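Q: let's see this in three dimensions:
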Amino acid sequence: MFVELGISARHVHLSRGDIDILFGKEYQLTVFKDLKQLGQYAANEKVEVIGPKGSFETVRILGPERKKSQVELSASDCIKIGVPVVLRDSGDHIDTPGVKLVGPKGSIELTGGVMVASRHMHVSTETADKEDIKNGELLCAKIPGDREVIFGNVLARVDATFVDELHLDTDEANASFVKNNQKVDVYKCQK
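A: Now for the predicted structure:
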């Protein structure tokens, strides 16, 4: 099946409590643009992400609020700011490093939640039924072109609210010369 690709640049998800510290009590994030996944958006607000060896001054926040704050970086980003490269599924904070976040009203030290997010595909239940894809199944994605690449271990996330979309980080996208919104071939990997 051919699905659109979304390139996931470095970003931050924040909990309600951390928004209060970074932006002020009861501050509400504002929408810069809606993302393809329903209810998800890129916020106007940004924070500084500081690691042991460097920082990124303006990292966009993605909404809505999360139960726990999380920072998603590429492997290159982690190396640049001196944070261990830890690959995790989004939301899995076990044994992940931390960073300092600085906003206009305050700062926080995250003790975990910094990760290189596993490549994944959002799959609607309609597509999952049609293609016999199970939530948590690993798929493959073929990126055509001058630097053709086949990515394995693409985690299928199935939900009725999802729009079919493959997510790669900037390192993966740059390695394959792929562009945002490009159609790519996703299929069941051969065993």
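Q: in contact with the nearest residue in space to residue 171 that is not next to it in sequence, which residues?
A: Nearest residue to residue 171, sequence neighbours excluded (Cβ to Cβ, 6 or more residues apart in numbering): residue 74, at 4.3 Å. The way it works is simple: take the backbone N, C-alpha and C, and place the C-beta from them, glycine included. Contacts here follow Cβ atoms under 8 Å, 6 or more residues apart in numbering; on that basis residue 74 touches 10, 116, 169, 170, 171.
Q: what is the neighbour count of the fourth one?
A: Okay, so that is residue 170. 16 (other Cβ atoms under 10 Å).
Q: now it: how far from residue 49?
A: 15 Å (Cβ to Cβ, to the nearest Å).
Q: got it, and the third one?
A: Distance from residue 169 to residue 49, counting by Cβ to Cβ: 15 Å.
Q: between these two, which one's more packed in?
A: residue 49 (25 against 21).
Q: and that one, what pLDDT?
A: Note for residue 49: predicted pLDDT of 98.
Q: so which of the contacts of residue 74 are in strands?
A: 116, 169 (DSSP state E).
Q: out of the contacts of residue 74, who's nearest residue 110?
A: Nearest to residue 110 among the contacts of residue 74, counting by Cβ to Cβ, is residue 10 at 14.3 Å.
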